[in-house]
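Participant: mind folding the following:
(one chain, ligands or ions: 1)
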Amino acid sequence: MTATTNARDVLGEATLGELEATLRGQLVRPADPAYDQARAVWNAAHDRRPALIVRCAATADVIRAVEFARSEGLQVAVRGGAHSIAGFSTSDGGVVIDLSPMKGIRVDPAGRRVVAQPGVTWSELDHETQAFGLAVTGGLVSSTGIAGFTLGGGIGWLLRKYGLTCDNLLSADVVTADGQLITTSEHERPDLFWALRGGGGNFGVVTSLEYRLHPVGPLVFAGPVFYAAADAAQVLRGWRDLTATMPDELTTLANILVAPPVPFLPEAVHGQMVVGVLGVYAGPVEDGERAAQPLRTLAEPIADLMGPMPYAAMQSLLDPLWTAGAQNHFTGTMLSELPDEAIETLLARHAAGRAPVQELHLHHGGGVMATAPSGGTAFAHRDAAYILNIIARSPDREGFDEHAGWARGTHQAMDPWSIGGYVNFTSEPGQDKVRASYPPDTYTRLVAVKDRYDPTNLFQLNQNIRPSGRR
Ligand SMILES: Cc1cc2nc3c(=O)[nH]c(=O)nc-3n(C[C@H](O)[C@H](O)[C@H](O)COP(=O)(O)OP(=O)(O)OC[C@H]3O[C@@H](n4cnc5c(N)ncnc54)[C@H](O)[C@@H]3O)c2cc1C
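Facilitator: Numbering: from 1, shown residues only. All right, here's what the predicted structure looks like:
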């Protein structure tokens, strides 16, 4: 039986009944009223029909689901927050191991640590940790799941001060392909722990994540400032120049976007290209105001929403623009530098696109992301000065292929400055994407860990590290 066998064709009622009887969570099948809701993922571009969805109550269900999928030869999709851009967390005809019911969070305020289960989203984790004025680097959209995010790396507002999310992972529990539950940390199975931090969901199902926390907020100086298209090149050049001397407390992002019809932007620019500069200062509010001031005077702003705000509010500020159910194509690349020519290329590409929502996010790297030891985690390209995320989004399928083509073309146009990929910012699976995300020696190390923990490639719905026996 192949790894993509359709369960409907081969599994009898008795077999499925046996599986159901051994679960504490729920088994959802195509005939169930809950099926359509249970199979939906954030990116509606991936409209797939799994044969089974195991909504796991806790670790025992995960072990059971892994054993079942392995013994029946079924394709496995692992899902936490369901935000995989590439559609890795769903499958046609396979088993979805849905961890979203696993929502446990335990904060240790004195020890500045938190342990969370993989169904937790960033809004939920921030809610619990901010009660103690603590945080770990999290996603820019708070509905994103912590697990897939962390395993790929984790780029967020605390990146420059406190590193990537994966840099703050202290330990994890993992159900491996043979159904064993193991723990990993710097001291226990360090090879696996290294691989989990940037190597994605290749090595098993993570059932618990322990993070280091940092004092953040609850009030921080943060927010966006917007500039008109006429000033776009000047603003981007000015922002780029400022990034050379920014303090690590200040993490910023420049965004070339189509202005959404939101009340805080003048109606005259709705539907037009604008540039947003967004940032968070992870330190005292007054210091933040001073440090962010130059970002607010790059030209005459059309809207300046920077100010003191709760860190949790900044974490969810963008949520209304990034709801589930639209068609999305993302493609990302790490940039070594951002010369004027690269800025002109980005502006010309943005002008050439036709997607209802098209955004070019330039995340500023550096800080702790860059100073963390480069071989310390599987996450690579720490020397990237900027991380570009190219986004095309549309409410329905019409024109979507063209918009996705625009995103690919924009990626290609940035080749002269690209030094590699980031597995979490790409819609397209494929060995070329995997190879671009890791230097050759990192890739070789990842294959060795894959050989050890998943030699039959049970976990292949991810930016796949192929075990050496399965080329
Ligand atoms: C709206 C939006 C905003 C985003 N913003 C950011 C951002 O600010 N910074 C950033 O770095 N990325 C960002 N991303 C990308 C994000 O990091 C990835 O999409 C990530 O995979 C989402 O994690 P998830 O748990 O929600 O996804 P899921 O779809 O549930 O999982 C994605 C994949 O991760 C793996 N996986 C998930 N959970 C587990 C587990 N418990 N054990 C083993 N493998 C697992 C599996 O391979 C799975 O297919 C964003 C994505 C979206 C859609």
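Participant: low-confidence regions, this protein specifically.
Facilitator: Along the chain, the model assigns pLDDT under 70 to residues 1-10, 471.
Participant: can you rerun that using 90?
Facilitator: 1-15, 17, 372-375, 426-433, 436, 469-471 (pLDDT under 90).
Participant: for the ligand, what are the nearby residues on the stretch 151-300 of the chain?
Facilitator: 151, 152, 153, 154, 155, 156, 200, 201, 205, 206 (Cβ under 6 Å from any ligand atom). Placement of C-beta: from N, CA and C, glycine included.
Participant: which of these fall in helices?
Facilitator: 151, 152 (DSSP state H).
Participant: now the residues of the stretch 151-300 of the chain next to the ligand in a markdown table, please, with extra columns for neighbour count.
Facilitator: Listed next are those as a markdown table, based on neighbours: other Cβ atoms under 10 Å:
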| residue | neighbour count |
| --- | --- |
| 151 | 31 |
| 152 | 27 |
| 153 | 29 |
| 154 | 29 |
| 155 | 26 |
| 156 | 22 |
| 200 | 24 |
| 201 | 27 |
| 205 | 26 |
| 206 | 25 |
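Participant: I'd like to know how many residues surround the closest residue to residue 150 other than its chain neighbours.
Facilitator: Using Cβ to Cβ, 6 or more residues apart in numbering and skipping the chain neighbours, the partner closest in space to residue 150 is residue 165 (4.7 Å). The tally of other residues near residue 165 (other Cβ atoms under 10 Å) stands at 27.
Participant: my guess is residue 165 contacts residue 149, does it?
Facilitator: Yes. Taking contacts as Cβ atoms under 8 Å, residue 165 lies within contact range of residue 149: 6.2 Å.
Participant: shared neighbours of these two, anything?
Facilitator: Common contacts of residue 165 and residue 149, defined by Cβ atoms under 8 Å, 6 or more residues apart in numbering, comprise residue 138.
Participant: can you give me the helices in the stretch 1-150 of the chain?
Facilitator: Remark: helices assigned in the stretch 1-150 of the chain by DSSP state H, counting those that start in this stretch are 7-10, 13-21, 35-39, 59-72, 122-130, 146-152.
Participant: er, the stretch 201-350 of the chain actually
Facilitator: Remark: helices assigned in the stretch 201-350 of the chain by DSSP H, counting those that start in this stretch are 232-243, 285-292, 311-316, 340-352.
Participant: pick the most deeply packed of those.
Facilitator: Mean neighbour count (mean count of other Cβ atoms under 10 Å) peaks for helix 311-316 among those, with a mean of 21.
Participant: in space, what's closest to residue 310 - neighbours in sequence excluded?
Facilitator: residue 218 (5.3 Å).
Participant: residues in contact with that neighbour?
Facilitator: Neighbour list for residue 218: 130, 133, 310, 311, 312 [criterion: Cβ under 8 Å, 6+ apart].
Participant: and it, its phi and psi?
Facilitator: phi -60, psi -20 (degrees, to the nearest 10).
Participant: OK, contacts around the closest residue to the ligand within the stretch 201-350 of the chain?
Facilitator: Nearest residue of the stretch 201-350 of the chain to the ligand (Cβ to the nearest ligand atom) works out as residue 201 at 2.6 Å. Taking Cβ under 8 Å, 6+ apart as the contact definition, residue 201 lies against 78, 88, 148, 151, 459, 461, 462.
Participant: if you set the cut-off to 10 Å instead, what comes out?
Facilitator: By Cβ atoms under 10 Å, 6 or more residues apart in numbering, the residues touching residue 201 are 76-80, 84, 88-89, 147-148, 151-152, 423, 459-464.
Participant: next one: residue 89
Facilitator: Counting by Cβ under 10 Å, 6+ apart, the residues that residue 89 touches are 41-43, 46, 48, 77-83, 96-100, 145, 148, 201, 461-462.
Participant: what about it, distance to residue 100?
Facilitator: 10 Å (Cβ to Cβ, to the nearest Å).
Participant: between these two, what contacts are shared?
Facilitator: Residues touching both residue 89 and residue 100 (Cβ under 10 Å, 6+ apart): 79, 80, 81, 82, 145.
Participant: can you add neighbour count and distance to the ligand and give those residues back as a markdown table?
Facilitator: Output for these, formatted as a markdown table (neighbours: other Cβ atoms under 10 Å; distance: Cβ to the nearest ligand atom, whole Å):
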| residue | neighbour count | distance to the ligand |
| --- | --- | --- |
| 79 | 30 | 4 |
| 80 | 29 | 3 |
| 81 | 26 | 2 |
| 82 | 25 | 5 |
| 145 | 25 | 3 |
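Participant: follow-up on the earlier one: so of the contacts of residue 201, which ones are in strands?
Facilitator: Using DSSP state E, the members of these that fall in strands are 76, 77, 78, 79.
Participant: who wins for most neighbours among the residues you listed?
Facilitator: residue 79 (30 neighbours).
Participant: right, and that residue touches residue 62 too?
Facilitator: No. Assessed by Cβ atoms under 10 Å, residue 79 is found out of contact with residue 62, at 11.5 Å.
Participant: got any residues that touch both of the two?
Facilitator: With Cβ under 10 Å, 6+ apart, residue 79 and residue 62 have common neighbours 54, 56, 97, 99, 118.
Participant: what sits against the last one?
Facilitator: With contact set as Cβ under 10 Å, 6+ apart, residue 118 has these partners: 56, 62, 78-81, 97, 99-100, 102-104, 145-148, 150-151, 172-173, 205-209.
Participant: how about the nearest residue to the residue nearest the centre of the chain, chain neighbours excluded?
Facilitator: In the chain, the C-alpha nearest the mean C-alpha coordinate belongs to residue 149, at 4.0 Å (Cα atoms, centre = their mean). With sequence-adjacent residues excluded and distances taken as Cβ to Cβ, 6+ apart, residue 149 is closest to residue 139, at 5.5 Å.
Participant: out of the helices of the stretch 1-150 of the chain, which is the most enclosed?
Facilitator: helix 146-152 (a mean of 28).
Participant: what helices or strands is that helix leaning on?
Facilitator: strand 76-79, strand 113-116, helix 122-130, strand 169-175, helix 190-196, strand 205-212 (3 or more Cβ pairs under 10 Å, 6 or more residues apart in numbering; DSSP states H and E).
Participant: in its sheet, what does the first one sit against?
Facilitator: Listed by DSSP bridges, the sheet partners of strand 76-79 and their directions read strand 95-98 (parallel).
Participant: and the strand it pairs with, C-alpha only, in PDB?
Facilitator: Only the C-alpha atoms of strand 95-98 are listed here, as PDB (Å, rounded to 0.1, in the frame of the first residue of the first chain):
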ATOM      1  CA  VAL A  95      -5.500  11.200   7.900                       C
ATOM      2  CA  VAL A  96      -5.400  14.600   9.500                       C
ATOM      3  CA  ILE A  97      -4.000  14.500  13.000                       C
ATOM      4  CA  ASP A  98      -5.800  17.600  14.200                       C
END
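Participant: anything in it near the ligand?
Facilitator: No. Applying Cβ under 6 Å from any ligand atom, one finds strand 95-98 separated from the ligand by no less than 8.3 Å.
Participant: stretch 358-369 now?
Facilitator: No. Stretch 358-369 does not reach the ligand (Cβ under 6 Å from any ligand atom); its nearest approach is 8.0 Å.
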